[in-house]
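Q: Everything below, folded, please.
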Amino acid sequence: MTDVNPLADAVVALGGNSAALNAGGAIPSNDGALVTASSRYGVEPNVRASLAAEDATFRKRENRTARFKLFPVDRYAEAYKKQSLNPFSVNSVFRNHGYATPSAPPAE
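A: Numbers count the residues shown, from 1 in each chain. This is a model prediction of the structure:
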């Protein structure tokens, strides 16, 4: 699955107006602060290719010792296992500190 219009989706997610993007690509005046803040450290023109290469390098390094498996495994999940959160423990921590949290399905 690919993102059909990633720029418009990002603008909407950050609170902007995606309809203004269709008006010749000019940045609307009310989105100027958003664009300025998001590009304050510079804009990398080929960010998707750069991130894909970095991700491939990371996954290759993480899976060096796990090349041969008897059964199919999710290599992506395996590589990022150390960086993942347990949603049930995070939910419990927030509830114990008095924050309102949405209901969650029972832990397996």
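
Q: Near the residue nearest to G15 when sequence neighbours are not counted, how many other residues are there?
A: Nearest non-adjacent residue to G15, counting by CB to CB, 6 or more residues apart in numbering: L34, 7.1 Å away. (C-beta placed from N, C-alpha, C; glycine too.) Using other CB atoms under 10 Å, L34 has 17 neighbouring residues.

Q: If you count residues, where's the longest helix of this protein?
A: For the chain, the longest helix by residue count, based on DSSP state H, is helix 47-62.

Q: So for stretch 53-64, mean pLDDT?
A: The average pLDDT within stretch 53-64 is 83.

Q: one step back: what secondary structure does the residue nearest to G15 sit in?
A: Put simply, L34 is helix when judged by DSSP: H, G, I helix; E, B strand; the rest coil.

Q: ok, now which ones touch it?
A: L34 is in contact with V11, L14, G15, G16, counting by CB atoms under 8 Å, 6 or more residues apart in numbering.

Q: now the helices for the chain?
A: Under DSSP H, the chain gives helices at 6-13, 32-38, 47-62, 75-79, 87-96.

Q: Report the inter-axis angle for the third one versus helix 6-13.
A: Angular relation of helix 47-62 and helix 6-13 on a 0 to 180 degree scale: 90 degrees, by axes from the mean of the first three to the mean of the last three CA atoms, to 10 degrees.

Q: quick one: buried residues of helix 47-62?
A: E62 (16 or more other CB atoms under 10 Å).
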